[in-house]
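Novice: Generate coordinates for the sequence data below:
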Amino acid sequence: MKNEVNHRNLLLARESRGITQKTMAEAIEGLNQGNLSKMEKGVLPVSEEMIDRVAKYLDYPVSFFYKESQSRKLNSFFYRKRVTMPNRELTMLEARFDTARIAIDELLDSVEIPEFDLPSISTFSGITPKEVARRTRLFLGIQKGPIENFVKTIERHGIIVIFLEDAPEKFFGVTMFTNKAVPVIFINGDKSGDNKRFTLGHELGHLVMHLREDVYSLDEKDMDKEADAFSSEFNMPEQECRGDLLNVKYKDLPTIKMYWKLSKAAICYKAKEMGMLGDSQYRYYMMQLSKSGQRKKETEYIDIDDPSLLRKIVKVHLEDLEYSKKELESLTGLSDNDLETILPQTKLVRPKIRILRNWD
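Specialist: This is a model prediction of the structure:
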């Protein structure tokens, strides 16, 4: 453990809980807002006694405050719906992303995962996002038709996917790299399966087309449009769905949705884009979805496979490396509760049955 508290992590821990300086200073004995502000800026040193109090109040292991921070590049992440998100929610989310990235890099010191090998395909040369999506499906070995085991397919190529629990409603997805250059896609775990599929395709599009390119001069809205076009084609290839969308009727949408596993709204947009729906017909279908409340939540349930790569990494530590639950918290810098928000439906106890390290 380092001898000095990392003041950036002091700020990060507080922001991840959505707590103001004033509230935290009033809650912790021997702390005032002026001193806390100086501690978070690295101007004032933090005693061991004080960091113990802070760790207990914020529900973080003491080890977190001594860990290396995660760096952020300007082009390291993109949000769907970021602009409409309140600043406080945005700050809290970004802090949660960074604490998760710190934990992932710590875990990967002892465990090897599949190499990230997706090609970087720029649209600068005139290649369309649709063509990029087709090439990406080919590279991933995806068969014709809807994508089965979407999450597992991309995790095999070294991408960590996290369905983030308790995320704000306006958050859909984001893509980031850790300091060790491991790509992580965060998806709102409370969204529907069809929404997750489209968002995952959207973030994959950013990862393939934008995040490893010099995109500083590009407009973010244009990049989002490209990522949407990528996701639409990646999930529902034009050549394969043409017959399904020919003369499409409103009553046909549920059947098409259940096969392609995308929302009816996304299917309508795809049909309009392909010229299968006129503008007035498209508006009518969307109006019908709005009237029935399906612009917010559609009636049919679409499944998607759960992320498993990070869960397996944790299991290797608990089983093969024989970490205790307390040691795992100290290693990752995350409390039991925080670990469960990025590993939903997983009880962090040492398994009684040994498992093989098989990333498939």
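
Novice: Report the central residue of the chain.
Specialist: The chain has F186 as the residue nearest its centroid, 0.7 Å off, counting by Cα atoms, centre = their mean.

Novice: give me every residue that touches F186.
Specialist: Residues near F186 by Cβ atoms under 8 Å, 6 or more residues apart in numbering: 97, 100, 162, 164, 173-176. (Glycine included, C-beta is placed from N, CA and C.)

Novice: can I get those in CSV with distance to Q33?
Specialist: Compiled in CSV, the contacts of F186 are given as follows (distance: Cβ to Cβ, whole Å):
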residue, distance to Q33
F97, 26
A100, 28
I162, 33
L164, 30
G173, 35
V174, 31
T175, 35
M176, 31
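
Novice: quick one: contacts of stretch 207-227?
Specialist: Taking Cβ under 8 Å, 6+ apart as the rule, stretch 207-227 contacts 74-76, 78, 80, 118-124, 129, 132, 136, 159, 175, 177, 183, 185, 202-203, 205-206, 230.

Novice: How about stretch 321-332?
Specialist: 61-63, 102-103, 106-107, 110, 314, 317-318, 335-336, 339, 348-350.

Novice: So which of those residues sit within helices?
Specialist: Judged by DSSP state H, those include 102-103, 106-107, 314, 317-318, 336, 339 as members of helices.

Novice: quick one on the thing from earlier: which SS class is the residue nearest to the centre of the chain?
Specialist: strand (DSSP: H, G, I helix; E, B strand; the rest coil).

Novice: State the pLDDT value of it.
Specialist: For F186, the pLDDT comes out at 96.

Novice: The one 10 residues further on too?
Specialist: K196 is assigned a pLDDT of 97 by the prediction.

Novice: these two touch, right, it and F163?
Specialist: Yes: look at K196 against F163 with Cβ atoms under 8 Å: they come within range, at 7.3 Å.

Novice: Now for those two: what residues contact both?
Specialist: Residues touching both K196 and F163 by Cβ under 8 Å, 6+ apart: 187-188.

Novice: Am I right that T175 is in a strand?
Specialist: Yes: membership of T175 in a strand is supported by three-state DSSP.

Novice: How about it, nearest residue that isn't a chain neighbour?
Specialist: E203 (4.5 Å; Cβ to Cβ, 6 or more residues apart in numbering).

Novice: Name the nearest residue to L44, ignoring sequence neighbours.
Specialist: Sequence neighbours aside, K38 is the residue nearest to L44 in space, at 3.7 Å (criterion: Cβ to Cβ, 6+ apart).

Novice: I meant S16, not that one.
Specialist: Nearest to S16 is A95, by Cβ to Cβ, 6+ apart, at 3.6 Å.

Novice: and that neighbour, what does it touch?
Specialist: Counted by Cβ under 8 Å, 6+ apart, A95 has contacts 12-13, 15-16.

Novice: ok, A181 - contacts?
Specialist: A181 touches F116, counting by Cβ under 8 Å, 6+ apart.

Novice: Distance of it relative to Y60?
Specialist: 25 Å (Cβ to Cβ, to the nearest Å).

Novice: same thing with Q21?
Specialist: Counting by Cβ to Cβ, the gap from Q21 to Y60 is 17 Å.

Novice: So those two - more neighbours on which side?
Specialist: A count of neighbours by other Cβ atoms under 10 Å puts Y60 above the other of Q21 and Y60, at 25 against 17.

Novice: Was I right to think that one contacts L339?
Specialist: No: at 11.6 Å, Y60 does not count as touching L339 under the criterion of Cβ under 8 Å.
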